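Undergrad: Could you work out the structure for the sequence below:
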Amino acid sequence: MKKDFNIDMLQVIGDFLELGHVENIVAMFKQDRNLYSLTGDLLRDERFTVRLGIGVLFEELAIIHPQEISLATPSLLPLLQEQNPILRGEAATILGIIGSRDALEQLVKLKDDPDFQVREIVTDILHQGAETPQPESPSGNDEPS
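TA: Below you'll find the predicted structure:
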């Protein structure tokens, strides 16, 4: 996707999420799988309601399109390295919702995060992930080697 298009799309998605129109964004993600690549940038939005909306969006997508949500993983991984613990925690939360083996393996790196809340989020997700079988990613990367 082109950069200008991405900026415009981020603004549209963020505005809709801020207004609570998650169902519209669910429909957009169902229509265009490329939108998953914007997830990391959407979590960088300074508006709390947008970040909260991303969580609601992914909870819904996990139900209706569990095989596609792992497409967001590459856009979330850079956030795990951010200085801001809020961004690390938000990214960890979405990776936990994604729940693929790859997503959960990335979270192991944050088990000793300097921020208590990030550690708590990651510990809870990893504990839950150990108890719940997760769907295979669309690329098939979750197959055991």
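Undergrad: if I look at the residue nearest the centre of the chain, how far off is D8?
TA: By C-alpha atoms, centre = their mean, the chain has its centre lying nearest to I94, at 3.3 Å. In this view, I94 and D8 are 22 Å apart by C-beta to C-beta, to the nearest Å. For glycine as for every other residue, the C-beta is placed from the backbone atoms N, C-alpha and C.
Undergrad: can you check N84 too?
TA: To D8, N84 is 25 Å away according to C-beta to C-beta.
Undergrad: With G96 instead?
TA: G96 is 29 Å from D8, by C-beta to C-beta.
Undergrad: who has more neighbours, these two?
TA: G96 (20 against 11; other C-beta atoms under 10 Å).
Undergrad: ok, now which ones touch the more buried one?
TA: 103-104, 107, 121, 124-125, 128-129 (C-beta atoms under 8 Å, 6 or more residues apart in numbering).
Undergrad: quick one: what helix or strand has it in it?
TA: Using DSSP states H and E, G96 maps to helix 85-98.
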